[in-house]
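**Q** Give the three-dimensional model of this entry:
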Amino acid sequence: MRHLVSGAAGFIGSHLCDRLVKDGHEVVGLDNLITGSRLNLRHLEGSPSFRFREYDVTAPVGIPGPFDQVWHLASLASPRHYLAHPVETLEVGSAGTRNMLTVAQREGARFLLTSTSECYGDPLEHPQVETYWGHVNPVGLRSCYDESKRYAEALTMAWHRTRGVRTNIARIFNTYGPRMALKDGRVVPAFLDQALRGEPLTVYGDGLQTRSFCFVSDLVEGLIRLASSDERYPVNLGNPNEITILQFAEGIRRLIGSNLPMVFLPLPEDDPRQRRPDITKAKTLLGWEPRVNLEDGLRDTVEYFRPMVAVPQPG
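**A** Numbering: from 1, shown residues only. All right, here's what the predicted structure looks like:
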């Protein structure tokens with residue numbers, strides 16, 4: 001099969017490209033590199049099965065086909081990035097989604113949108129099931145990301161209902177692993193960066209807010225299975241094992257072998273207090289659930305980040 005992947009130089013996008021090439025497919029990857037990095041795709045250079053184009057999908061996508069599958073992963077997914085680029089975030093969720101859907105319609109291809117658990121906002125239901133409509137502030141600081149994804153979901157469903165495009169929507173929960181951007185502000189790279197430098201771990205709020213962490217290889221397996229399914233409504237993909245940020249910080253300290261202090265700062269605006277997916281639908285329809293435990297996944301992630309972190313030398 002021939003695949004078109006937006007956001008190909010990003011964290012999840014690059015791992016998806018790896019998997020598709022490994023499975024024997026041909027891949028054309030697009031990325032405007034606003035947050036992605038060519039380094040994430042360096043190992044694919046020279047592969048006859050992969051071609052990269054620096055391209056902004058908020059402009060009409062004139063990449064020649066044929067394509068069997070279109071994947072729309074382009075997005076500014078970390079708070080640091082989308083707060084710095086709110087208009088671009090909204091544009092890639094709106095115009096970018098429309099342009100990638102247009103390619104799928106033109107080529108008669110399947111289309112998969114990577115949405116987000118942020119569609120649930122600061123949830124009043126726990127764990128979050130796909131039929132929950134969410135508790136979202138449409139004008140808050142985070143709304144540029146939340147609403148871009150909610151609109152992208154609505155646009156995807158409209159394209160399916162009125163134009164016959166075969167669509168899938170993945171609601172991705174916290175995912176981690178090698179190739180995350182070290183300075184993107186998310187908790188996994190932030191804690192690992194600080195721990196490897198021997199610096200205090202920054203905890204926002206009281207640290208009792210919860211998250212669920214899914215290793216990237218598990219997430220990509222879920223995307224592959226979803227893209228082959230006939231499910232048109234959103235499907236949660238994430239790890240249902242929920243821990244507090246304080247518990248996560250303790251795990252990082254054990255893994256690094258250091259009793260680093262913690263610094264507590266105010267909780268950012270609209271930061272969700274709870275985040276845990278109900279993955280019953282993914283288990284039932286896709287036969288999918290995460291396999292990599294947190295300790296093993298973090299160990300691989302630490303080994304990726306370790307050479308990137310310059311540890312201050314004494315004196």
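
**Q** Which pLDDT does the model give residue 130?
**A** Residue 130 is assigned 97 on the pLDDT scale.

**Q** How many neighbouring residues does it have?
**A** By other Cβ atoms under 10 Å, the residues close to residue 130 number 19. In short, each C-beta sits where N, CA and C put it, glycine included.

**Q** tell me the secondary structure for it?
**A** With DSSP: H, G, I helix; E, B strand; the rest coil as the basis, the three-state label of residue 130 is coil.

**Q** With residue 243 instead?
**A** Residue 243 is classified as strand under three-state DSSP.

**Q** Then residue 99?
**A** Strictly by three-state DSSP, residue 99 counts as helix.

**Q** isn't it right up against residue 59?
**A** Yes. Between residue 99 and residue 59 there is a contact under Cβ atoms under 8 Å: 7.2 Å.

**Q** ok, these two, which is more surrounded?
**A** In this view residue 99 and residue 59 are compared by other Cβ under 10 Å, and residue 99 has more residues nearby, 20 against 12.

**Q** What residues does that one make contact with?
**A** Contacts for residue 99 (Cβ atoms under 8 Å, 6 or more residues apart in numbering) come out as 57-61.

**Q** Let me have those residues in JSON lines, adding secondary structure, pLDDT and distance to residue 161 as columns.
**A** Output for the contacts of residue 99, formatted as JSON lines (DSSP: H, G, I helix; E, B strand; the rest coil; pLDDT from 0 to 100; distance: Cβ to Cβ, whole Å):
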{"residue": "57", "secondary structure": "coil", "pLDDT": "98", "distance to residue 161": "22"}
{"residue": "58", "secondary structure": "coil", "pLDDT": "98", "distance to residue 161": "24"}
{"residue": "59", "secondary structure": "coil", "pLDDT": "97", "distance to residue 161": "26"}
{"residue": "60", "secondary structure": "coil", "pLDDT": "96", "distance to residue 161": "23"}
{"residue": "61", "secondary structure": "coil", "pLDDT": "96", "distance to residue 161": "22"}
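
**Q** The closest residue to residue 40 other than its chain neighbours: neighbouring residues, count only.
**A** In space, and not counting its chain neighbours, residue 40 is closest to residue 14: 3.8 Å by Cβ to Cβ, 6 or more residues apart in numbering. Here the number of neighbours of residue 14 (other Cβ under 10 Å) works out to 28.

**Q** Residue 14 reaches residue 5, doesn't it?
**A** No. Counting by Cβ under 8 Å, residue 14 does not reach residue 5; the two are 9.2 Å apart.

**Q** Could you list the low-pLDDT ranges of this structure?
**A** For the chain, residues meeting the criterion pLDDT under 70 lie at 270, 310-315.

**Q** Would you map the helices across the stretch 1-150 of the chain?
**A** Assigned by DSSP state H, counting those that start in this stretch, the stretch 1-150 of the chain shows helices spanning 11-22, 79-84, 86-107, 143-163.

**Q** what packs against the second one?
**A** Going back to what we said before, that points to helix 79-84. If you count contacts as 3 or more Cβ pairs under 8 Å, 6 or more residues apart in numbering; DSSP states H and E, helix 79-84 packs onto helix 143-163.

**Q** So what touches stretch 146-163?
**A** With Cβ under 8 Å, 6+ apart, stretch 146-163 has contacts from 72, 75, 89-90, 92-94, 97-98, 101, 104-105, 111, 113, 115-116, 118-119, 121, 134, 136-138, 165-167, 169, 232-234.

**Q** Buried members of those into PyMOL, please.
**A** PyMOL command restricting the contacts of stretch 146-163 to the buried ones, with burial defined by 16 or more other Cβ atoms under 10 Å:
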select buried, resi 72+75+89+90+92+93+94+97+98+101+104+111+113+115+116+118+119+121+134+136+165+166+167+169+234
